[in-house]
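> would you be able to build a 3D model of this:
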Amino acid sequence: MRKLFVNACFLDQILLTNAFSEKKWHVHSKYKNSFNIQDEGKEQLVVISTTDYPFMPNGIYIESVYFSTLLSTVEIGDSVRWQEDCLHFSKNHLLLNYGELYSSTMEITETLKSSNLQHFNDYAASLDKETGAQVSLADFLIEENPFAKALQLLCLEDESKKQSAVAFLLGRGKGLTPSGDDMLVGHLAARILLNEKDRILEKRILTELSKEPAVTTDISKHYLLCALSCRFSAPVIEFIENLTTMSSIEQLQKAVDNIIKVGHTSGLDLLAGFMATIEFLNNN
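Numbers count the residues shown, from 1 in each chain. Here you go, the predicted model:
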């Protein structure tokens, strides 16, 4: 079988650093429209998907027609050799040096605009689709539930209560990214936006994520580690930009809808964590 050389169309610019090419890699998981590779130390995960999907931290995106061929030739556990700007699979090669670069780093240049926050809250109040807490986004802060309670504890000064909240949320829920983890990602995004980063809390989350046996899935751990490094998906970055700039109601609602499209409830859970954190920190 003739080997195929595939060009990446887009990739996260951080992937071109030596921190990635100097590691040994293998195919971690495989799905209908994406697959993930992981380094041997389980420190990094890279998602490879088609250009039909939103940009994620550590993402590589290729055209659908070539992705299908690449996907059909990789199997979970296969070794992957990362040499400079090329990923060498057993039967094909993925070239990175021609891909357009994007950044997954959230950079806050403007403060949260109260009018935009009000528009977001108004729109959230109209969304009746259930979060992973089995409460709609509209009712998340109204109906008492343990997820909202844990997020409230994260916003207090009491370190013991924060610790119990982290223990409750991490790995809590079903799927590749449990609901509690997605809410934590939203919590961290809100803290960055409000310039309320909590180093002790971040250290606590890192400590929990390093434990064996693992407290959550590898994929969810990846997105939590990225959030701790101020790195998020393109829909989240776009949403934050809309909250801090002169955006129309329609633009803001579209940004919210783009987050909701991610996963079954992942986007809603992230928004729930974000919304609750903004509410609790502002009240405090």
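> ranges for the helices of this structure?
Remark: helices assigned in the chain by DSSP state H are 18-21, 64-72, 114-124, 146-154, 159-169, 179-193, 199-209, 218-228, 234-244, 249-260, 266-283.
> looking at those, which has the lowest confidence?
When the helices of the chain are compared by mean pLDDT, helix 18-21 comes last with a mean of 85.
> center of the protein - which residue?
For the chain, the residue lying nearest the average C-alpha position, counting by C-alpha atoms, centre = their mean, turns out to be Tyr223 (4.3 Å).
> surely it meets Thr177?
Yes: applying C-beta atoms under 8 Å, one finds Tyr223 in contact with Thr177, separated by 6.3 Å. The C-beta positions use only the backbone N, C-alpha and C, and glycine is treated the same way.
> list the residues that contact Glu241.
Ser247, Ala255 (C-beta atoms under 8 Å, 6 or more residues apart in numbering).
> quick check: bridge partners of the nearest residue to Leu94 once chain neighbours are set aside?
Distances taken as C-beta to C-beta, 6 or more residues apart in numbering place Leu87 nearest to Leu94, at 4.2 Å, with adjacent residues excluded. As for beta bridges, Leu87 partners with Trp82, Leu94 under DSSP bridges.
> what's near enough to touch Leu87?
Taking C-beta under 8 Å, 6+ apart as the test, what Leu87 contacts is Trp25, Ile37, Ile60, Val80, Arg81, His93, Leu94, Leu96.
> any idea how far the fourth one is from Ser72?
Same thing as Val80. Plainly put, Val80 is 16 Å away from Ser72 if you go by C-beta to C-beta, to the nearest Å.
> for the third one, same thing?
Using C-beta to C-beta, we find Ile60 at a distance of 17 Å from Ser72.
> who's more crowded, the two?
Ile60 (23 against 10; other C-beta atoms under 10 Å).
> any idea how far the more buried one is from Pro178?
25 Å.
> burial count for Phe168?
Around Phe168 there are 17 residues (other C-beta under 10 Å).
> just to check, it is in contact with Ala148?
No: at 11.4 Å, Phe168 does not count as touching Ala148 under the criterion of C-beta under 8 Å.
> got the confidence number for His1?
Let me fix one detail, which is that residue 1 is Met and not His. 55.
> so what's Leu137 up against?
Ala124, Leu127, Asp128, Lys129, Thr131, Leu268, Leu271, Ala272, Met275.
> what's the PyMOL line that selects buried ones from those?
Of the contacts of Leu137, the buried ones go into a single PyMOL selection, burial set by 16 or more other C-beta atoms under 10 Å:
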select buried, resi 124+127+131+268+271+272+275
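> could I get the contacts of Leu137 as a markdown table with distance to Glu241?
What follows is the contacts of Leu137, written out as a markdown table (distance: C-beta to C-beta, whole Å):
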| residue | distance to Glu241 |
| --- | --- |
| Ala124 | 18 |
| Leu127 | 21 |
| Asp128 | 27 |
| Lys129 | 24 |
| Thr131 | 23 |
| Leu268 | 20 |
| Leu271 | 15 |
| Ala272 | 20 |
| Met275 | 17 |
